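>>> Kindly generate the corresponding structure for this input.
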Amino acid sequence: MTEPERADGRAEPGGPAPLVVVVGAGHLGRAVLMRLLTAGHPAGRLCAVTRTAEQARLLADRCSCQVTVDSGTAADGADVLVLTVRPEQARAVLARTAPRLAEGAAVVSFVAGLSLAGLREVVGTRVHCLRAATNAVSVGRGGTVALTPDPELSATDGERLASLLSALGTVVRVPEAQQDMAASTLGSGAAFLAAAAAGVVAAADAVGVEGHTARLFAADALESAAVLIRRAEHTGQPVWHELATPGGITRAGLDVLRAHGIDSALAEAVAAAVARAAELSAAAERNYRLRTGN
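Sure, this is the predicted structure:
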């Protein structure tokens, strides 16, 4: 899968870095691109594909790699295609690009709800497919990537791809059945918690705390919560245990949250996101079959 650079920037067998194309340069695609560059992936082995020439121009001003609107040309001979488009766009993009990838290349799809079987139906068997989940903010800070490899992928190629993706954060392998849940917790969960934190900001604002300071308080609380969550894995105590003194102010607030069913509300939010991923994928598949007659 890995090939050395030729004079034209493409690859020959035995080189140190794969030729990577990121298709879909929205928030997540841009974060992936910039993280790879920051990690030292050669700019000559990276290409981004945007929807419009204006988007391409703006992105080219920010990075040193090639940026284009032509996904087919960008995919010529590429070793890895990172797919960060919307579900309704994914199959059409793959139909244009997969036949032009290098033999044995890999498609890494961040498209929620699009199964490995759905990917393989479009790309065939000459390239490998992997599913991944994260969010743009997580990638930007080197957070976590949930990865499900193609069962047919060799151990060697699997490790090479995991090494490439480790530039985005800690790679955690999950069964495919858990991918939509990963997208809805790891991917969407930050938004759910940020929405909850908006109530903390509003409470501080209501008593005259300046907006920037209120947001700083809420952000620090979320960062402390992350520490508590990681620590609870080893202590066996409830996540909030060490901050909630019996009869204290934190316990009083937790009692209100429980009375309002915050646990079940967040669980329902995750479930709604999982269900929506399935709906979007099913609708995209129906539309693709109508357009192609398959």
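
>>> where does this protein have low pLDDT?
1-16 (pLDDT under 70).

>>> roughly how far apart are the spatially most central residue of it and residue 110?
Centroid-nearest residue in the chain, with Cα atoms, centre = their mean: residue 134, separated by 3.0 Å. Residue 134 is 7 Å from residue 110, where distance means Cβ to Cβ, to the nearest Å. In this view, the C-beta of every residue, glycine as well, is placed from N, C-alpha and C.

>>> does the nearest residue to the residue nearest to the centre of the chain once chain neighbours are set aside sit in a helix, a strand or a coil?
Setting aside the residues directly before and after it, residue 134 is nearest to residue 145 in space (Cβ to Cβ, 6 or more residues apart in numbering), at 4.7 Å. Secondary structure assignment for residue 145 (DSSP: H, G, I helix; E, B strand; the rest coil): strand.

>>> so the residue of the chain positioned farthest from its centre is in which element?
Distance from the C-alpha centroid of the chain, by Cα atoms, centre = their mean, peaks at residue 247 (41.1 Å). Using DSSP states H and E, residue 247 maps to neither a helix nor a strand.

>>> What distance do you get for it to residue 254?
Distance, residue 247 to residue 254, using Cβ to Cβ: 12 Å.

>>> Then residue 284?
Distance of residue 284 to residue 254, computed by Cβ to Cβ: 41 Å.

>>> what's the span of stretch 119-131 from first residue to last?
One end of stretch 119-131 to the other measures 9 Å (Cα to Cα, to the nearest Å).

>>> Please read the previous query as pertaining to stretch 173-184.
End-to-end distance of stretch 173-184 (Cα to Cα): 16 Å.

>>> distance between it and the chain's centre?
12 Å (Cα atoms, centre = their mean, to the nearest Å).

>>> ok, now stretch 45-52?
With Cα atoms, centre = their mean, you get 17 Å for stretch 45-52.

>>> what comes up buried for that stretch?
45-50 (16 or more other Cβ atoms under 10 Å).

>>> Quick check: the farthest pair among those residues?
With Cβ to Cβ as the measure, no two of the buried residues of stretch 45-52 lie farther apart than 45 and 50, at 18.4 Å.

>>> what's the offset of whichever helix in the chain runs longest from the middle of its chain?
Criterion DSSP state H: the longest helix present in the chain is helix 262-292. Counting by Cα atoms, centre = their mean, helix 262-292 is centred 16 Å from the centre of its parent chain.

>>> That one packs against which elements?
Applying 3 or more Cβ pairs under 8 Å, 6 or more residues apart in numbering; DSSP states H and E, one finds that helix 262-292 makes contact with helix 87-97, helix 179-182, helix 189-206.

>>> For the shortest one, give me every contacting residue.
Put plainly, it is helix 179-182. 112-113, 131, 133, 146, 148, 174, 270, 274, 277-278 (Cβ atoms under 8 Å, 6 or more residues apart in numbering).

>>> In ChimeraX, select just the buried ones from these.
Buried residues within those, by 16+ other Cβ under 10 Å, are selected in ChimeraX with:
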select :112,113,131,133,146,148,174,274,277
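
>>> which one of the contacts of helix 179-182 sits closest to residue 290?
Proximity of the contacts of helix 179-182 to residue 290 (Cβ to Cβ) peaks at residue 113, which lies at 18.0 Å.

>>> Figure out the helix or strand that that closest one lives in.
Using DSSP H and E, no helix or strand contains residue 113.
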